[in-house]
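> I would like to see how this sequence folds:
(chains A, B, C and D)
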Number of protein chains: 2
Amino acid sequence: MDKTIDFLLRRLGAIGKLNAEDRDLLVSLPFRRRRVSKGEEIVAEGSTSSSCCLVVTGYVHRSKVLVTGNRQIFSLHMAGDIPDLHSLHLPKMDHSLVATAPAEVALISHAAIQNVLDQSATLTALLWRDTLIDAAAFRAWMLMLGQAEAPARMAHLFCELYVRSRLVGLNRENSFALPISQIAIADMLGTSTVHANRTLQDLRLQKLVDFERGRVTVLRWRELAELGMFDSSYLHIMAGVVADQASREGTR
Amino acid sequence: MDKTIDFLLRRLGAIGKLNAEDRDLLVSLPFRRRRVSKGEEIVAEGSTSSSCCLVVTGYVHRSKVLVTGNRQIFSLHMAGDIPDLHSLHLPKMDHSLVATAPAEVALISHAAIQNVLDQSATLTALLWRDTLIDAAAFRAWMLMLGQAEAPARMAHLFCELYVRSRLVGLNRENSFALPISQIAIADMLGTSTVHANRTLQDLRLQKLVDFERGRVTVLRWRELAELGMFDSSYLHIMAGVVADQASREGTR
DNA sequence: CGTTGTGTTGACAAGAGTCAATGGCAGTGG
DNA sequence: CCACTGCCATTGACTCTTGTCAACACAACG
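The predicted structure is shown next:
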């Protein structure tokens, strides 16, 4: 059996209840696999989308560049995420979807998704909920962008990615793969690359976290979370999953 | 007949098609009116919400404060907006809803909304779409917070509010009421109040816009939009409405 | 073996925050 | 009617975070 939908089931199972029929509906979704290389644009700003992109491996981000040439990355997505689920009801893209690292994605047509939604009110609610959690993550990033300084923003980013990657079983002990450039990090944090580099060195020096050869290692979770003022509740992970994590690491 | 739902119909009509039955369903929604004074919290962070808040008059915002005491305002809402529509599927609030200016709101129970959604697939899609547009506005703000300097951020904010207030018929020629403090403006822009004040004076001096006695007057739309790198497409206003506006002011 | 993208460093400039003080203005209570 | 109070807008001086420019090292890659 194909594993493509597996991570999606994991993610949806972590943010809501999935019954057997819903699982079957999801597993039987038709898709088209596609391999994308680093920097490749998957969906362009301004284009009209007729399918959604499920991330299977690697990393993908949503971003937009200003006329000044400055780029802001709004979100970073990993296996199980559907970064452009919103295109279902907002087909005209107001930003673009780009591979941050080599990635594999599965393209699922809007028609197929709509067909599933018509058959299951609970899945409709769950996917709606997923887009709302996406928006909650935007708020969390906005909060950091507007009110926190660079070290806190970076700490927060690493915390979020750590929790999310563990959610879908992508991390190894206290580390996870993040094969992206410091340029990408800087564009998420809203800083220059030079400043992002210095901020990273600062975190390294404090032995809170390390990021080298495409892998983030969390050295002191509690201090990192404190610096980043990280509270995972905005990820709206269901009780069981949160508890599990909290007990292991003292996330909250 | 009660006018409470009117602005909601205007807003939803501007972002999608509303047929007669959908209008009837919306108009017959039960609600409870409430008057809130400036600074009053309507829904608290951490609380579990069982109703949604439709703004009828005045202004309301969503915000969160960090442990540092810094507050970020995520969005500002006017008549016709349902700022916490997301609470329908994400009842645990990860931020709070506060009156920025004296306001009247209508509280509509989740049960009543769910009842309407069960009866209309088109309304389900439209309200989902509304929450997605909300998220698109977050992305636009993030872009400015992360990549633009204070004057551009302020210009962008005024542009957005101008377009949105006109959408629901709240503006008068080239101005609209905005009875909020510069402190609130600063917390939206992610700057200190001192810097927001100086930035405002800068815009005044350039005769792009004015903001005094609770009213914003747009003096030179085109230059203001250029400074704010404003492109209204993220508001996802339907073609007819956009065209009307564009023809009047050259929004794009 | 050059090319290219990336990480790193230093020096300097500029944007933005902090602190402190002042003045205006509306509302309050005597 | 007037002192008093609190909130808000405004200003100046100073500090600090962050951006810019430029240079260089290094690894991956064709």
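
> what does the stretch 151-252 of chain A have sitting close to chain B?
Where the stretch 151-252 of chain A comes near chain B, counting by C-beta under 8 Å from any C-beta of the partner chain, the residues are A:187, A:189-190, A:229, A:233-234, A:236. For the C-beta atoms, the positions are set from N, CA and C on the backbone; glycine is no exception.

> Show me which positions of stretch A:197-205 end up buried.
For stretch A:197-205, the neighbour count (16 or more other C-beta atoms under 10 Å in any protein chain shown) marks A:199-200, A:203 as buried.

> does any part of that stretch sit near DNA strand C?
Yes. Using C-beta under 7 Å from any atom of the strand, stretch A:197-205 reaches DNA strand C at A:197-198, A:200-201.

> how many neighbours does residue A:48 have?
Residues lying near residue A:48 (other C-beta atoms under 10 Å in any protein chain shown) number 10.

> now the residue in the stretch 151-252 of chain A positioned nearest to chain B: how far from residue B:147?
Nearest residue of the stretch 151-252 of chain A to chain B: residue A:190, at 2.9 Å (C-beta to the nearest C-beta). To residue B:147, residue A:190 is 6 Å away according to C-beta to C-beta, to the nearest Å.

> for residue A:230, same thing?
23 Å.

> ok, residue A:173 - how many residues close by?
When neighbours are counted by other C-beta under 10 Å, residue A:173 registers 7.

> can you tell me which residues contact residue A:59?
Applying C-beta atoms under 8 Å, 6 or more residues apart in numbering or on different chains to residue A:59 gives the contacts A:76-78, A:99-101, A:103, A:178-180.

> Can you flag the buried ones in those residues?
Taking 16+ other C-beta under 10 Å as the criterion, what is buried in the contacts of residue A:59 is A:76-78, A:99-101, A:103, A:178, A:180.

> quick one: residue A:73 from residue A:119, how far?
Residue A:73 sits 35 Å away from residue A:119, going by C-beta to C-beta.

> Report the buried members of the residues of the stretch 151-252 of chain A next to chain B.
Here, 16+ other C-beta under 10 Å leaves A:187, A:189-190, A:229, A:233-234, A:236 buried among these.

> Return the closest of those residues with respect to residue A:28.
residue A:236 (26.8 Å; C-beta to C-beta).

> I'd say the closest one and residue A:134 touch.
No. Contact between residue A:236 and residue A:134 fails when scored by C-beta atoms under 8 Å: they sit 10.3 Å apart.

> What residue spans form the domains of chain A?
A:6-137, A:148-249 (automatic domain parsing).

> Would you mind listing what in the stretch 51-200 of chain A touches DNA strand C?
Contact residues, the stretch 51-200 of chain A versus DNA strand C (C-beta under 7 Å from any atom of the strand): A:181-183, A:193-194, A:197-198, A:200.

> quick one, what contacts the residue in the stretch 151-252 of chain A that DNA strand C sits nearest to?
Proximity of the stretch 151-252 of chain A to DNA strand C (C-beta to the nearest atom of the strand) peaks at residue A:182, 3.2 Å away. Shown in contact with residue A:182 (C-beta under 8 Å, 6+ apart): A:193, A:196-197, A:200.

> same thing with residue A:19?
residue A:122.

> Thanks a lot, see you next time.
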